[in-house]
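Engineer: the following comprises the amino acid sequence and a computationally predicted model.
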Amino acid sequence: MYYIIVNPASKSGKGAHIWAQIEPVLKKRKIEYKVFFSQEAGHVIKLVRNLSASLLKPESGTSLRLIVLGGDGTLNETLQGISDFEHVEVGYIPTGSSNDMARDLKLPTDPSKALDRILSCQKPVLMDIGRLIYNHVARRLPGQAMSEPADERYFIVSSGIGFDAAVCQEALTSKFKKILNKIGLGKLTYLTIALKQLIKAQKITCDFTLDDGQKIHIPKFLFVACMNHQYEGGGFKFCPSADFHDGLLDICAIGDIPKWLVLLALPTAFMGKHYRFRGIDHYTASKIHLETSAPLWVHTDGEVNVMSHSITLICEKEKLKFLY
């Protein structure tokens with residue numbers, strides 16, 4: 001039995017249409033399934049949490065097989081609802097505007113082929129996920145869903161603080177994004193907002209400590225992205241060497257670099273060539289503690305809930321069973 005979570009609003013409302021295309025495939029192949037549709041932000045967390053509570057019994061040893069049809073944000077909410085990762089398997093049909101995880105994994109863009117890959121998977125792949133801890137909360141977005149406990153949140157692709165999170169926060173409410181998604185130009189949303197956020201970025205310092213004790217100080221900080229996968233923000237290849245089962249977060253730190261030079265560097269990030277610029281650095285760690293001189297937006301897989309000046313990020317090695 002597969003339990004399917006559909007975000008009908010993904011890809012500017014095309015999610016429901018895509019589900020209508022693949023449901024006949026399930027019926028034709030006589031696959032047992034139950035489908036659930038998300039209705040609002042945070043609803044997927046509740047759906048998965050309820051499924052976990054009702055179907056996963058410690059004494060039975062049964063597994064819950066989920067198929068998520070949506071974007072990176074829908075997949076992110078799925079993680080928050082899982083109570084027992086040992087007994088949950090997750091398949092993913094990407095229907096979002098960014099699809100950064102799908103890009104890294106080279107998942108089929110055809111939903112029917114993506115479904116076939118999931119159904120034919122004999123053994124799940126063990127995949128790293130990240131855990132973000134908010135050591136301090138300066139502000140929460142109203143109406144945004146939080147995981148339980150409220151000071152933690154999982155991420156599968158990336159988590160970042162500063163510029164990239166500010167871009168995500170604005171993109172989440174952007175009417176411009178919805179228009180561009182409809183004509184297949186969603187990537188331009190992030191690029192346009194990125195330019196706007198870059199211009200108004202304030203001078204903030206950042207200090208972070210890696211698990212080996214290494215301390216890094218950035219006097220003019222732009223952002224730090226901690227990644228399990230290579231891409232974020234709709235195709236920016238910020239961490240070309242990221243490996244989703246090595247037990248490490250790949251860290252892209254940008255700071256102490258003139259804004260005009262950032263304008264030159266950002267386009268090269270689509271090809272992963274941005275580390276040639278001084279002030280853009282790469283690190284790896286299983287854990288990173290980060291402090292900024294002022295509260296900034298923090299994102300997990302593009303979902304923004306909290307503004308903070310103190311966070312800790314941990315790589316949970318091979319925690320997720322992924323149907324791949």
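Structural biologist: Okay, I see it.
Engineer: rest of the way, CA atoms for contacts and neighbours
Structural biologist: OK.
Engineer: residue 261 belongs to a strand, doesn't it?
Structural biologist: No. According to DSSP: H, G, I helix; E, B strand; the rest coil, residue 261 belongs to no strand; its state is helix.
Engineer: just give me the neighbour total for it.
Structural biologist: Per other CA atoms under 10 Å, the neighbour tally for residue 261 reads 12.
Engineer: so how far is residue 205 from it?
Structural biologist: 19 Å (CA to CA, to the nearest Å).
Engineer: cool, residue 306 as well?
Structural biologist: Residue 306 is 19 Å from residue 205, by CA to CA.
Engineer: counting neighbours, go ahead and name the busier of the two.
Structural biologist: residue 306 (25 against 17).
Engineer: neighbouring strands for the host helix or strand of the more buried one, and are they parallel or not?
Structural biologist: Per DSSP states H and E: residue 306 is located in strand 303-322. Strands that pair with strand 303-322, judged by DSSP bridges, come out as strand 88-94 (parallel), strand 125-134 (antiparallel), strand 139-140 (antiparallel), strand 287-300 (antiparallel).
Engineer: worst average pLDDT in the ones you listed?
Structural biologist: Mean pLDDT is lowest for strand 139-140 out of the strands paired with strand 303-322, coming in at a mean of 83.
Engineer: and the contacts of the helix or strand following it?
Structural biologist: Per DSSP H and E, strand 139-140 leads on to strand 152-155 as the next helix or strand towards the C-terminus. Under the criterion CA atoms under 8 Å, 6 or more residues apart in numbering, residues 76, 79-80, 129-134, 146-147, 300-301 lie in contact with strand 152-155.
Engineer: most surrounded residue in the residues you listed?
Structural biologist: Result: residue 300 is most packed of the contacts of strand 152-155 (other CA under 10 Å), 29 neighbours.
Engineer: quick one on the thing from earlier: select, out of the strands paired with strand 303-322, the one closest to residue 172.
Structural biologist: Residue 172 lies closest, by CA to CA, to one member of these: strand 287-300, at 11.1 Å.
Engineer: contact partners for the residue most central in space within the chain?
Structural biologist: Of all residues in the chain, the one closest to the mean position by CA atoms, centre = their mean is residue 301, 1.9 Å from it. When contacts are counted by CA under 8 Å, 6+ apart, residue 301 touches 72-73, 76, 155-159, 232.
Engineer: of those, which belong to strands?
Structural biologist: Counted as lying in strands by DSSP state E, out of those, are 155, 158-159.
Engineer: which of those sits closest to residue 237?
Structural biologist: residue 158 (11.6 Å).
Engineer: excluding its backbone neighbours, what's nearest that closest one?
Structural biologist: In this structure, residue 158 finds its nearest non-sequential neighbour in residue 227, 4.2 Å apart by CA to CA, 6 or more residues apart in numbering.
Engineer: any chance of the ones in strands among the contacts of residue 301 in JSON lines, with distance to residue 140 too?
Structural biologist: Formatted as JSON lines, the ones in strands among the contacts of residue 301 follow (distance: CA to CA, whole Å):
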{"residue": "155", "distance to residue 140": "18"}
{"residue": "158", "distance to residue 140": "20"}
{"residue": "159", "distance to residue 140": "16"}
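Engineer: next structured bit after the helix or strand of the chain with the lowest mean pLDDT?
Structural biologist: Sorting the helices and strands of the chain by mean pLDDT, DSSP states H and E puts helix 175-182 at the bottom, at a mean of 58. Sequence order places helix 187-200 as the next helix or strand after helix 175-182, per DSSP H and E.
Engineer: what is the rounded mean pLDDT of that next one?
Structural biologist: Mean per-residue pLDDT for helix 187-200: 74.
Engineer: who's in contact with residue 17?
Structural biologist: residue 8.
Engineer: put the alpha carbons of stretch 296-310 into CSV.
Structural biologist: Output in CSV follows, covering the C-alpha atoms of stretch 296-310 (Å, rounded to 0.1, in the frame of the first residue of the first chain):
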residue,chain,number,x,y,z
LEU,A,296,18.2,37.2,9.8
TRP,A,297,15.8,35.0,8.0
VAL,A,298,16.5,31.3,8.1
HIS,A,299,15.2,28.8,5.5
THR,A,300,14.9,25.0,5.3
ASP,A,301,14.4,23.8,1.7
GLY,A,302,13.2,27.2,0.7
GLU,A,303,10.6,27.3,3.5
VAL,A,304,11.0,30.3,5.8
ASN,A,305,9.5,30.4,9.3
VAL,A,306,11.9,32.1,11.7
MET,A,307,14.3,35.0,12.0
SER,A,308,17.3,34.2,14.2
HIS,A,309,20.8,35.2,15.1
SER,A,310,21.9,31.9,16.5
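Engineer: pLDDT below threshold where in the stretch 101-250 of the chain?
Structural biologist: For the stretch 101-250 of the chain, residues meeting the criterion pLDDT under 70 lie at 142-150, 173-190.
Engineer: verify the contact between residue 203 and residue 220 for me.
Structural biologist: Yes. Applying CA atoms under 8 Å as the test, residue 203 and residue 220 come out as touching, 5.6 Å apart.
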